[in-house]
Structures are given as structure tokens and as C-alpha cells.
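A.B. asks: quick one: sequence plus predicted model below, questions after.
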There are 2 protein chains.
Amino acid sequence: MSKVLPLLEPTGEAVAPCCPPLTERPMTADEAETAARMFKALGDPVRLRLFSAVASHEGGEACVCDISDVGVSQPTVSHHLKKLKEAGLLTSERRGTWVYYRVEPSVLAAMGQLLISR
Amino acid sequence: MSKVLPLLEPTGEAVAPCCPPLTERPMTADEAETAARMFKALGDPVRLRLFSAVASHEGGEACVCDISDVGVSQPTVSHHLKKLKEAGLLTSERRGTWVYYRVEPSVLAAMGQLLISR
């Protein structure tokens, strides 16, 4: 049921940001659809904490084993990380036993751009 | 039932941003609660389009009468603008017949800061 953001190529490589700054011109319906999905993914306190935990972790990546201190179970952590990945905010790579999550810097930058006033 | 963000003084004046960049350190529960409310407010495509319509409107402000071209009824527009105001993303002022909405630049900048990598 989950949709991968058009912002990401099928390979998982990040591509150009979707949208101009919010203050530049009214967004089109398509642009708003894409950007709202990213904002929505960060619109949950637990998910936002997990995202921040990955983003600020040593080396810019973390596995579920690294970020279990937000007061929810490991399956819940995995669920939220999956949602963040589906929204295009994280990429993942399996290494041995664990899946490592990494923040996609270009996507973060693109979201930041949206919020910059010109 | 709606809650006003702690980011805003009771007067409606914007105050300092809530949180450090997401990449700097894991967010606390309180910080995540505050920031998630703002992201959630932008996590709906119609609301995001309306926000962008206000943000990019001449003079940085708009009334419902100015932004009725997103394909929803005027009461729906008013409802979404109220939600954005409750999240601290817009301020409003009644002038004559209409209520004018204005983007709170410091709040937008604070959200942008959250997404900046250091």
C-alpha cells in the first residue's frame, strides 16, 4: 500500500528537489502532494525523534539496535523507520544481521529549501 | 480541543525557535512534540497549497477571498487556515469584513533550521 516518493529514483538514489520555496509562488497540486508526504512523515513525535536519532548518530547512520531509547518497542521503531524510508527521508542498507538507516541529505536540504523565505 | 504551540506567546508574537537542527543531536520528547505539530500542519496537500498561497501572496498576506483557487470550498479554506494558525504557522488580523492571514517568518525560519545539516 505504501508509495515511494517520485523524489526518489527506483534505485534509491535521490534526485532534484521537488518544489520551489513556499514563499515564491503557490504550489501546484502535484508539488503539494509530494512535499506534504514528507512533512507528514515528520509530523509524528516518535517518528521525528527517531529521524533525529538517525540523523545525529555517529557517521550519519544507525540501525534499530542503536536507537532504542525513545520509549517504544523495537518493532515500533522498525515500523517508523520503514515509514520514513517510504517517504524518501531515509535510505537503508543491510549489513550482516542489521539494517542500517541513513538520512538522505539531499532530501533534507530540499525540505529546508521549501521553508526558506526569499 | 486545539492547542496553541508553546512557540507562540499568548499575544500571538513569535518567539525563539524550539529546536536544534535534526542532525545535531537526538531531539527530546518535548522538542519533538512541538516540532511534529508544525510538520503535521504542513502534512496535508490542501493545507500546504493554502499555506504556500498565503506565503507567496502579494505583501505576504492574504484573506480567504484571495486564495479560493485550490478546488475546495471557502469554509474548508477557512478551516485549514485556522489549523495552520493553531500550529503557529500563520497569524491573523481582522480588517473590515475579512480576516487576513500572514506567514510567521520566524517560525518558517525555525522549521528551516531544523532541516539544515551541520
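C.D. replies: Here it is on my side, so go on. Numbers count the residues shown, from 1 in each chain, chains lettered A, B, ... in the order given.
A.B. asks: C-alpha only now, for contacts and for neighbours.
C.D. replies: OK.
A.B. asks: quick check: next helix or strand after the helix or strand where A:Phe51 lies?
C.D. replies: Element membership for A:Phe51, per DSSP states H and E: helix A:45-55. Using DSSP H and E, the next helix or strand after helix A:45-55 towards the C-terminus is strand A:61-63.
A.B. asks: that next one pairs with which strands?
C.D. replies: Note on strand A:61-63: by DSSP bridges, its sheet partners are strand A:98-103 (antiparallel).
A.B. asks: mind listing what's buried along the strand it pairs with?
C.D. replies: Neighbour-count burial for strand A:98-103, counted by 16 or more other Cα atoms under 10 Å in any protein chain shown, picks out A:100-103.
A.B. asks: quick one: that strand to chain centroid distance?
C.D. replies: 12 Å (Cα atoms, centre = their mean, to the nearest Å).
A.B. asks: can you tell me what sits against it?
C.D. replies: Residues from elsewhere that reach strand A:98-103 (Cα atoms under 8 Å, 6 or more residues apart in numbering or on different chains): A:51, A:54-55, A:60-65, A:81, A:89-94.
A.B. asks: show me the two of the residues you listed that sit farthest apart.
C.D. replies: The largest separation in those, counting by Cα to Cα, is between A:Cys65 and A:Leu89 at 19.4 Å.
A.B. asks: higher neighbour count, the two?
C.D. replies: A count of neighbours by other Cα atoms under 10 Å in any protein chain shown puts A:Leu89 above the other of A:Cys65 and A:Leu89, at 28 against 12.
A.B. asks: next up, the contacts around that one.
C.D. replies: For A:Leu89, the contacting residues are A:38, A:103-104, A:107-108, by Cα under 8 Å, 6+ apart.
A.B. asks: in the host helix or strand of A:Arg94, which residues are buried?
C.D. replies: Using DSSP H and E, A:Arg94 falls within strand A:90-95. Buried residues in strand A:90-95, counted by 16+ other Cα under 10 Å: A:90-92.
A.B. asks: next one: stretch A:71-83
C.D. replies: For stretch A:71-83, burial by neighbour count (16+ other Cα under 10 Å) applies to A:77-78, A:80-83.
A.B. asks: now intersect these with the strands, please.
C.D. replies: Among the buried residues of stretch A:71-83, DSSP state E puts none in strands.
A.B. asks: quick check: the residue nearest to the spatial centre of chain A vs chain B, distance?
C.D. replies: Residue closest to the average C-alpha location in chain A (Cα atoms, centre = their mean): A:Leu89, at 1.7 Å. As defined by Cα to the nearest Cα, to the nearest Å, A:Leu89 lies at a distance of 11 Å from chain B.
A.B. asks: I'd like the distance between that residue and A:Thr28.
C.D. replies: Taking Cα to Cα, to the nearest Å as the measure, A:Leu89 and A:Thr28 are separated by 21 Å.
A.B. asks: one more: A:Ala62?
C.D. replies: For A:Ala62, the distance to A:Thr28 (Cα to Cα) stands at 35 Å.
A.B. asks: the more surrounded of the two?
C.D. replies: Neighbour totals were compared for A:Ala62 and A:Thr28, and A:Ala62 leads with 23 against 16 (other Cα under 10 Å).
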